[in-house]
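S.K.: The following block contains a protein sequence and its predicted model.
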Amino acid sequence: MMTFQQIVLASHNAGKLKELQAMLGDTVQLRSIGEFSSVEPEETGLSFVENAILKARNAARISGMPALADDSGLAVDFLGGAPGIYSARYADGKGDAANNAKLLDVLKDVPQEQRGAQFVCVLALVRHADDPLPILCEGLWHGRILSEASGEHGFGYDPLFWVPERNCSSAELSPADKNQISHRARAMSLLRQRLGLA
Ligand SMILES: O=c1nc[nH]c2c1ncn2[C@H]1C[C@H](O)[C@@H](COP(=O)(O)OP(=O)(O)OP(=O)(O)O)O1
Ligand SMILES: [Mg+2]
């Protein structure tokens with residue numbers, strides 16, 4: 001079994017840090033890569049797995065610590081899985097509000113029953129920068145894209161993501177509830193099992 005007291009989180013996204021730390025509990029402390037560097041690596045991979053590994057290795061190299069990365073995004077059925085790994089860059093780096101506005105616009109004439117989508121999360125944990133055996137865990141969350149934004153919690157595409165099992169948007173869920181059922185929660189549950197924390 002691997003034990004870690006501190007892991008560096010290879011993410012500059014404060015929403016992810018908050019959610020992942022809440023899921024991990026206080027046995028493992030996540031430190032933000034932002035404490036070590038403000039430079040974000042270019043996400044050149046073609047898959048969530050590749051980008052998660054790339055970010056984890058980069059953070060381990062910079063910090064000298066074991067590193068956890070989260071590569072995640074929204075895969076919309078009608079768009080053949082787009083924006084997918086490009087979710088954060090969908091509106092050319094203009095941020096969450098612009099990404100959401102673009103998605104609403106692209107789907108404006110698409111009827112309800114064709115608005116299915118999945119949130120995807122891949123977690124990659126490396127013990128050191130050159131680790132030949134990263135731990136990889138994936139989680140999916142099925143829902144639908146709303147035709148207007150709703151809710152104030154969460155981050156990213158949460159206001160546009162309808163959660164069928166709760167009858168509300170992901171941004172209307174309490175943080176604790178989202179952390180029980182989200183794509184990230186599913187991936188983290190697998191990771192906790194792999195680390196012997198579950
Ligand atoms: O629970 C979520 N609720 C709403 N939106 C979400 C969620 N999970 C991922 N997303 C969206 C945000 C971003 O548009 C993309 C992740 O992109 P991704 O590159 O993995 O993260 P990021 O650039 O924000 O931070 P970083 O790469 O430093 O970890 O998917
Ligand atoms: Mg990113």
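M.R.: Right, received. Where do you want to start? Ligands and ions are numbered 1, 2, ... in the order given.

S.K.: Tell me how many other residues crowd residue 82.
M.R.: 16 (other C-beta atoms under 10 Å). C-betas here are computed from N, CA, C, even on glycine.

S.K.: do the one 5 residues further on as well
M.R.: Applying the criterion other C-beta under 10 Å, we find 22 residues in the vicinity of residue 87.

S.K.: doesn't residue 73 make contact with it?
M.R.: Yes - with contact defined as C-beta atoms under 8 Å, residue 87 counts as touching residue 73 (3.3 Å).

S.K.: The closest residue to ligand 1 within the chain: what's it in contact with?
M.R.: Relative to ligand 1, the nearest point of the chain is residue 156 (2.4 Å; C-beta to the nearest ligand atom). Residue 156 makes contacts with 15, 74, 87, 88, 96, 99, as judged by C-beta atoms under 8 Å, 6 or more residues apart in numbering.

S.K.: Could you rerun that using 6 Å?
M.R.: Neighbour list for residue 156: residue 96 [criterion: C-beta atoms under 6 Å, 6 or more residues apart in numbering].

S.K.: Look at it and report its pLDDT.
M.R.: Looking at residue 156, its pLDDT is 98.

S.K.: So it: helix, strand or coil?
M.R.: coil (DSSP: H, G, I helix; E, B strand; the rest coil).

S.K.: And residue 43, by the same measure?
M.R.: Following three-state DSSP, the label given to residue 43 is coil.

S.K.: Leaving out chain neighbours, which residue sits closest to the residue most central in space within the chain?
M.R.: For the chain, the residue nearest the mean C-alpha position is residue 72 (3.6 Å; C-alpha atoms, centre = their mean). Closest residue in space to residue 72, ignoring its immediate chain neighbours: residue 121 at 4.2 Å, by C-beta to C-beta, 6 or more residues apart in numbering.
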